[in-house]
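[1] Can you look at this prediction? I've put the sequence above it.
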Amino acid sequence: MFSICCFGCECEHKYIGVVSVDPDCVKTGIKKYECEYCDKTYEEVLSPYWHTPNNDGNCQRCDIKIATNLEFVLLQTCDGYSVIGGGKKYFEDTTLTIPSVYKEKSYYTERPVKEIGENAFTNLQFTYVNFPPSIKVLRNGAFSNCVKLKKTSFYKIEQINKNAFSGCVLLSKIYLPKTLNYIGENAFKNCFSLTNIYYEGNKSDWDLILIGDGNNNLLNANITFNYVGN
Ligand SMILES: [Zn+2]
Ligand SMILES: [Zn+2]
């Protein structure tokens, strides 16, 4: 079981991992690794499980209602889906919870939901949107003129494209992770209520984000750096 080495050579570490904090639907977990031979340790952050629907569309763990009847298209890269619509009326005045995976009837395997398509939810009436950790990109105008939207948070978003939240006049709080590297022109145009940004990274990470014109409401908000949890 123990590897025995000759004198003078450096042994490889042999890490044994134990989950010390379980992730849940929305919270990250921690897995601790300790070397069996020496005192080296490290930690891995575990992604949230995200909500997992029952047959009735509610989450198996926390009972939250997950959006059904959304429309998806397979990305050209074939490694995931884009949500292109289907949120109309059904979710008015409520929370939109996007599923993290989707499986077409004719396919055996499910694939991650990676994008929100162009104008997919424009002019709808959600007050809050739950994005799964699988979402990497919001396409142009994805949530434009969602005039009741108040708050939103992301786990692993990389791009928020043009006009994605333009005209979301009640949007006041937004959580942005360190993975974000691009905010398109007018993405937060006319977001007059935007007062608080909670950002996972530090000031120099923030300065590396490419931010297009027309985002003064975002740039003038209070930014809390090194924010943990969303
Ligand atoms: Zn070791
Ligand atoms: Zn859940």
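    Looks like it arrived, so ask away. Ligands and ions are numbered 1, 2, ... in the order given.

[2] Which residues does stretch 213-225 contact?
    183, 185-192, 194-199, 201-203, 206, 211 (Cβ atoms under 8 Å, 6 or more residues apart in numbering). C-betas here are computed from N, CA, C, even on glycine.

[3] Separate out the buried members of those.
    Neighbour-count burial (16 or more other Cβ atoms under 10 Å) applied to the contacts of stretch 213-225 gives 183, 186-191, 194, 197-199, 201, 206, 211.

[4] and the contacts of stretch 213-225, which of them are in strands?
    Judged by DSSP state E, the contacts of stretch 213-225 include 183, 196, 197, 198, 199, 211 as members of strands.

[5] The fourth one and residue 177 touch, don't they?
    No. Applying Cβ atoms under 8 Å as the test, residue 198 and residue 177 come out as separate, 9.8 Å apart.

[6] need the helix or strand of the chain with the lowest average pLDDT.
    Across the helices and strands of the chain, mean pLDDT, DSSP states H and E gives its lowest value to strand 95-97, namely a mean of 88.

[7] following it, which helix or strand shows up next?
    Using DSSP states H and E, the helix or strand that follows strand 95-97 in sequence is strand 101-102.

[8] And for the next helix or strand after that following strand, what's in contact with it?
    Reading on from strand 101-102 to the C-terminus, the next helix or strand found by DSSP H and E is strand 111-116. Contact with strand 111-116 is made by 72, 74-75, 79-83, 98-103, 132, 134-139, 142-143, as judged by Cβ under 8 Å, 6+ apart.

[9] can you rerun that using 6 Å?
    80-83, 99-102, 134, 136-138, 142 (Cβ atoms under 6 Å, 6 or more residues apart in numbering).

[10] Output stretch 40-57 in PDB with nothing but the alpha carbons.
    Extracted C-alpha coordinates of stretch 40-57, given in PDB (Å, rounded to 0.1, in the frame of the first residue of the first chain):
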ATOM      1  CA  LYS A  40       0.900  18.900   2.400                       C
ATOM      2  CA  THR A  41      -2.700  19.700   2.000                       C
ATOM      3  CA  TYR A  42      -4.900  21.600  -0.500                       C
ATOM      4  CA  GLU A  43      -8.600  22.400  -1.000                       C
ATOM      5  CA  GLU A  44     -10.800  22.100  -4.000                       C
ATOM      6  CA  VAL A  45     -14.000  24.200  -4.300                       C
ATOM      7  CA  LEU A  46     -16.900  22.000  -5.400                       C
ATOM      8  CA  SER A  47     -19.500  23.500  -7.700                       C
ATOM      9  CA  PRO A  48     -23.100  23.600  -6.500                       C
ATOM     10  CA  TYR A  49     -25.200  20.600  -7.600                       C
ATOM     11  CA  TRP A  50     -27.800  23.000  -8.900                       C
ATOM     12  CA  HIS A  51     -31.500  22.200  -8.700                       C
ATOM     13  CA  THR A  52     -32.400  18.700 -10.000                       C
ATOM     14  CA  PRO A  53     -36.000  18.400 -11.200                       C
ATOM     15  CA  ASN A  54     -38.400  15.700 -10.200                       C
ATOM     16  CA  ASN A  55     -41.000  14.600 -12.800                       C
ATOM     17  CA  ASP A  56     -43.200  17.500 -11.600                       C
ATOM     18  CA  GLY A  57     -40.500  20.100 -12.300                       C
END
